[in-house]
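> With the sequence up front, the predicted model follows.
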Amino acid sequence: MQGLYIRCHPYLYYLNCYIAVKRFEVNTWKETSMARAIILNPDDNVATLVDPGSEGDEVALSGEGKGSVRLVAPVDYGHKVATRDIGKGDPILKYGIVIGRATQSIRTGQHVHLHNVEALRGRGDKEAA
């Protein structure tokens, strides 16, 4: 099948393999260019990119999320992006559970990673709130 590819990523814990079919415009075979991200639980405030994205790109949300977000900076494949504004000290929710706490305010469309999140998973000295 033309345009079918399988992409696996070790950081997508609940999605060992993500199967995607590229959509093409009818009779022109031109690829659509919108990057994609998946939300795994409706309560999540982050989405995981399944395509790399550049600053200004509109990212289509799928899975348990609908709509889109505009990236404010480049975000690599497999990394997280905020789907709504997150205040300093607020929990970061992925898979419907707290995976960390924001160390600074995070805007919608901003990369969510080590530079702005304190991890709470697997730590004995901090309790996930």
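Right, received. Where do you want to start? Numbers count the residues shown, from 1 in each chain.
> my guess is residue 95 meets residue 40, correct?
Yes - using C-beta atoms under 8 Å, residue 95 is in contact with residue 40, at 5.3 Å. Every residue, glycine included, has its C-beta placed from N, CA and C.
> Show me which of the two is the more surrounded one.
Shown here are residue 95 and residue 40; by other C-beta atoms under 10 Å, residue 40 has more neighbours (20 against 12).
> Retrieve the pLDDT associated with that one.
At residue 40 the predicted local distance difference test score is 90.
> Is it correct that it is in contact with residue 97?
No - in this structure, residue 40 is not within contact of residue 97 by C-beta under 8 Å, at 10.1 Å.
> What ranges does this protein have for its helices?
For the chain, no helices turn up when DSSP state H is the criterion.
> so where's it uncertain?
1-33, 121-129 (pLDDT under 70).
> rerun that using 80 as the cut-off
Regions of the chain meeting the criterion pLDDT under 80 cover residues 1-34, 121-129.
> For burial, what's the neighbour tally of residue 42?
Residue 42: 10 surrounding residues under other C-beta under 10 Å.
> Correction: the previous question concerned residue 45.
20.
> my guess is it meets residue 83, correct?
Yes - if you go by C-beta under 8 Å, residue 45 and residue 83 touch, sitting 5.8 Å apart.
> Can you name the residues that contact residue 45?
82-84, 86, 90, 92-93 (C-beta atoms under 8 Å, 6 or more residues apart in numbering).
> now residue 39
Counted by C-beta under 8 Å, 6+ apart, residue 39 has contacts 46-47, 61-65, 83.
> what's the distance between the closest residue in space to residue 34 that isn't next to it in sequence and residue 105?
Spatially, and ignoring its direct neighbours in sequence, residue 34 is nearest to residue 60 (5.0 Å; C-beta to C-beta, 6 or more residues apart in numbering). As for residue 60, its distance to residue 105 is 25 Å (criterion: C-beta to C-beta, to the nearest Å).
> same thing with residue 35?
Distance from residue 35 to residue 105, by C-beta to C-beta: 24 Å.
> Which of these two has more residues huddled nearby?
residue 35 (20 against 14).
> Good, we can wrap up now.
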